[in-house]
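*Asks:* curious how this folds, go ahead:
(2 chains)
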Amino acid sequence: MTEAKTIYDKIWDAHLVADKDNYSLLYIDRHLIHEVTSPQAFEGLRMAGRNVRHPDKTLAVADHNVPTTDRSVEIEDEESKIQIEALKNNCAEFGINFIDMSDIRQGIVHIIGPEQGFTLPGSTIVCGDSHTSTHGAFGALAHGIGTSEVEHVLASQTLIQKKAKNFKVEIVGTLTDSISAKDLALSVIGAIGTAGGTGYVIEYMGNAVESLSMEGRMTLCNLTIEAGARAGLIAPDQKTFDYLKDRPLAPKGDIWDKAVSYWKTLPSDPGAHYDNSIKIDIDNLSPLVTWGTSPEDVIDIDGNIPKPEDIEDEAKKNAIRRSLDYMGLEAGEPIKGTKIDKVFIGSCTNGRIEDLRAAASIVSQNKVSDHVNAIVVPGSGLVKAQAENEGLDKIFIEAGFEWREPGCSMCLAMNADKLLPNERCASTSNRNFEGRQGRGGRTHLVSPKMAAAAAIAGCLADVRDFS
Amino acid sequence: MLGILVNMEKFSKIKGIAAPMLSSDGNQFSMMINIDTDMIIPKQFLKTIKRTGLGKSLFHEMRYDFEGNEIESFILNKDIYRDSKIILAGNNFGCGSSREHAPWALLDFGIRVIIAPSFADIFYNNCFKNGILPIQLSEKLIKEISESALKGNELQVSLSDQIINCGNKEFSFEIDPSNKNFLMDGLDDIGLTLKDTNLIDSYEKDADNNLPWYTL
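*Replies:* Modelled structure (predicted):
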């Protein structure tokens, strides 16, 4: 009898090129690149006189820096312009597929990978971006890497790796209209902490995970990195295959059928070993919101901001004090009703069609509060087009939202979309770090429906009051 | 000059000032936890297409006010810590974004060693690619070393012996042998992998047959 394996073990074994004394060489099937973390890698290749081993296994798109306003005018920011042009030129020089800003397929790298069928179950996917964990929703082993590793993958189509441990996260219970994949992810991070997953690959399972759409699964896996894990994985099933079938870069015909048969062998074997595990029951889960400057600073929308004196650990106590001071919040006060200035709906976490539909369902027939500036940034040109076909753009615009062009936008504020000092934002993005959305800006992470509810109420609000 | 030569600098003994990153309630100090890569180097500095020149922007928002003046209370703005080669910090150092600009900024400032109870995975890997040694020690020992560093004592870190000397005390640390070798020898890991091109060729030949759906 063969040893029972997890899906991570299986993908690892199928991609092992060599086992060295203290590390392994892993084959990389798919490499996504963008303008911010690739220029130095190409420069390194040029200086060493090296080539790209498999240009066809790399897909490039500019997303971090791109303006989300009128694309027909030239990019104002000179440095952004240079970086985007550098990506385009590097791709031309090394023969890599590049999706231009004027192309309808342009968008956030982790949204276009699945859209194009570049992301496949059982494959290994890397990108110089921590949210590469998103692709784990398809049962791919996907994780972020640094620029030196980008160079390594370009040159060799392999990565030097040490195997991580297996972490089972079982989520059970029934999803409701007010609880989304974002709430599930935040509850996991709240439970295990931002370093809880360090050294592990997380496999999500349980009926709540199975019931998620592919979009929801992507949100859940996307936020795995905020729990410190190298990657998040969900076993592929019929939903996965239905999503991918006939996508432009997905296999076709006979090869597709063989692929599906193979993908059906990927789910973890009964009795497979996990080094760690937790079970989360979502049946009594309230919509969640972050109050502080770490994604683990999660509370129920009807909860109170924690008090430092209730925490024993000195380092954590001081971290809470620092966060409260930065966020301009009072310990012990309710979080609900906290006045906000901006709302951001978008990002690789929540910029897909289902997210926009969810937000629009709350926005419909309502108006954005007078003092709130609210923007919707679709995750890709295709998401934007689909939303416009469904009339979602009109719902947002009539309510007073701005309807933008696709990109990373205010998730990391590398372009013109950012918070001003002390501005408070309800955001569907992934990080509430100090300065993340603009220096001095205060971020509250929420689901798309909760962001929409906040835009209308003008303060952090409970989406359950809107249905 | 681009960073590839910096990359390959060999790691030997590092002797220098260590800057403790502290958070304090005014009475007791503790090590600052969750220092993320956005803190280490904020996004506006990621628009560069080079690896060098980021040292002046290291910890930008903690180090400079909105007008660009130094914030006196920040440790790296204090005279003796301006030439720090070592950083002491709390749990989960380097969490968040995968940006290698974080180790580039630390290196450009002159930091060669970071000592923390735990590190985020991607940042930890990025350090070894840039000649920076991340050392894991218990919070208790780091506090002890910090107290000594705050008195102005220098630290000496020997990678070959896996020993930290601080005042008259000595601490040993663990490190993965392959990471140690990469740093000690200043190896070009891409060059090393490319020596195994025949293994990659043979993997691809098998995969084209066995897993043809991944071939584009």
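
*Asks:* residues in the stretch 51-200 of chain A within reach of chain B, list them.
*Replies:* Applying C-beta under 8 Å from any C-beta of the partner chain, one finds that the stretch 51-200 of chain A approaches chain B through A:53, A:56-57, A:64-65, A:77, A:79-80, A:82-83, A:86, A:120, A:122-123, A:128-130, A:143-149, A:151-152, A:155-158, A:160, A:162, A:194-195, A:198-199. Where C-beta positions appear, they are placed from N, C-alpha and C, glycine not excepted.

*Asks:* could you flag which of those residues are buried?
*Replies:* A:53, A:57, A:64-65, A:79-80, A:82-83, A:86, A:120, A:122-123, A:128-130, A:143-149, A:151-152, A:155-158, A:160, A:194-195, A:198-199 (16 or more other C-beta atoms under 10 Å in any protein chain shown).

*Asks:* rewinding a little: so which of the residues of the stretch 51-200 of chain A next to chain B are in strands?
*Replies:* A:His143, A:Gly144, A:Thr158, A:Ile160 (DSSP state E).

*Asks:* and the furthest pair within those?
*Replies:* A:Gly144 and A:Thr158 (16.7 Å; C-beta to C-beta).

*Asks:* pretty sure A:Asp269 contacts A:Tyr8?
*Replies:* No. With contacts counted by C-beta atoms under 8 Å, A:Asp269 stays clear of A:Tyr8, the gap being 11.8 Å.

*Asks:* show me which of these two is the more surrounded one.
*Replies:* More neighbours surround A:Tyr8 than the other of A:Asp269 and A:Tyr8, with 26 against 15 (other C-beta atoms under 10 Å in any protein chain shown).

*Asks:* quick check: phi and psi on B:Asp36?
*Replies:* Dihedral pair for B:Asp36: phi -90, psi 170, per degrees, to the nearest 10.

*Asks:* elements contacting the longest helix along chain B?
*Replies:* Assignment by DSSP state H gives helix B:197-210 as the longest helix of chain B. With contacts defined as 3 or more C-beta pairs under 8 Å, 6 or more residues apart in numbering or on different chains; DSSP states H and E, the packing partners of helix B:197-210 are strand A:16-19, strand A:24-27.

*Asks:* can you get me a residue count around the nearest residue to B:Asp36 once chain neighbours are set aside?
*Replies:* Spatially, and ignoring its direct neighbours in sequence, B:Asp36 is nearest to B:Gly96 (3.7 Å; C-beta to C-beta, 6 or more residues apart in numbering or on different chains). Using other C-beta under 10 Å, B:Gly96 has 28 other residues around it.

*Asks:* pLDDT score assigned to B:Gly96?
*Replies:* Confidence at B:Gly96, expressed as pLDDT, is 97.

*Asks:* which residues touch it?
*Replies:* Listed by C-beta atoms under 8 Å, 6 or more residues apart in numbering or on different chains, the contact set of B:Gly96 reads A:Ser130, A:Arg431, A:Phe433, B:Asp36, B:Thr37, B:Asp38, B:Ala120.

*Asks:* one more time with 6 Å
*Replies:* Applying C-beta atoms under 6 Å, 6 or more residues apart in numbering or on different chains to B:Gly96 gives the contacts B:Asp36, B:Thr37, B:Asp38.

*Asks:* nearest spatial neighbour of the last one, chain-adjacent residues omitted?
*Replies:* To tie it back to what came earlier, the one meant is B:Asp38. Leaving aside its chain neighbours, B:Asp38 sits nearest to A:Phe433 (4.6 Å; criterion: C-beta to C-beta, 6+ apart).

*Asks:* count of residues packed around residue 197?
*Replies:* Just so you know, I chose chain A. Residues lying near A:Gly197 (other C-beta under 10 Å) number 28.

*Asks:* if you could check chain B rather than the one you did, that'd help
*Replies:* By other C-beta under 10 Å, neighbour count at B:Thr197 equals 12.

*Asks:* for chain A, longest helix please?
*Replies:* helix A:78-94.

*Asks:* name the residues of that one that come out as buried.
*Replies:* Across helix A:78-94, burial judged by 16+ other C-beta under 10 Å covers A:Glu79, A:Ser80, A:Ile82, A:Gln83, A:Ile84, A:Ala86, A:Leu87, A:Asn90, A:Cys91, A:Phe94.

*Asks:* what is the nearest of the ones in strands among the residues of the stretch 51-200 of chain A next to chain B to B:Gly53?
*Replies:* Nearest to B:Gly53 among those: A:Gly144, at 23.9 Å, using C-beta to C-beta.

*Asks:* re the thing from before, and the helices and strands packed on helix B:197-210, which is most packed in?
*Replies:* Mean neighbour count, computed with mean count of other C-beta atoms under 10 Å in any protein chain shown, is highest for strand A:24-27 among these, reaching a mean of 21.

*Asks:* residues contacting that strand, please?
*Replies:* A:His15, A:Val17, A:Ala18, A:Thr158, A:Leu159, A:Gln161, B:Tyr203.

*Asks:* which two of those residues have the greatest separation?
*Replies:* A:Gln161 and B:Tyr203 (14.2 Å).

*Asks:* what is the burial count for residue 133?
*Replies:* All of this is about chain A. A:Ser133, neighbours per other C-beta under 10 Å, totals 34.

*Asks:* let me rephrase: I mean chain B.
*Replies:* By other C-beta under 10 Å, the residues close to B:Leu133 number 21.

*Asks:* who's in contact with it?
*Replies:* B:Val113.

*Asks:* who is it paired with across the strands?
*Replies:* Beta bridges link B:Leu133 to B:Val113 when assigned by DSSP bridges.

*Asks:* quick check, pLDDT for it.
*Replies:* 97.

*Asks:* ditto for A:Lys245
*Replies:* Predicted confidence (pLDDT) for A:Lys245: 98.

*Asks:* then B:Ile175?
*Replies:* B:Ile175 carries a pLDDT score of 96 in this model.
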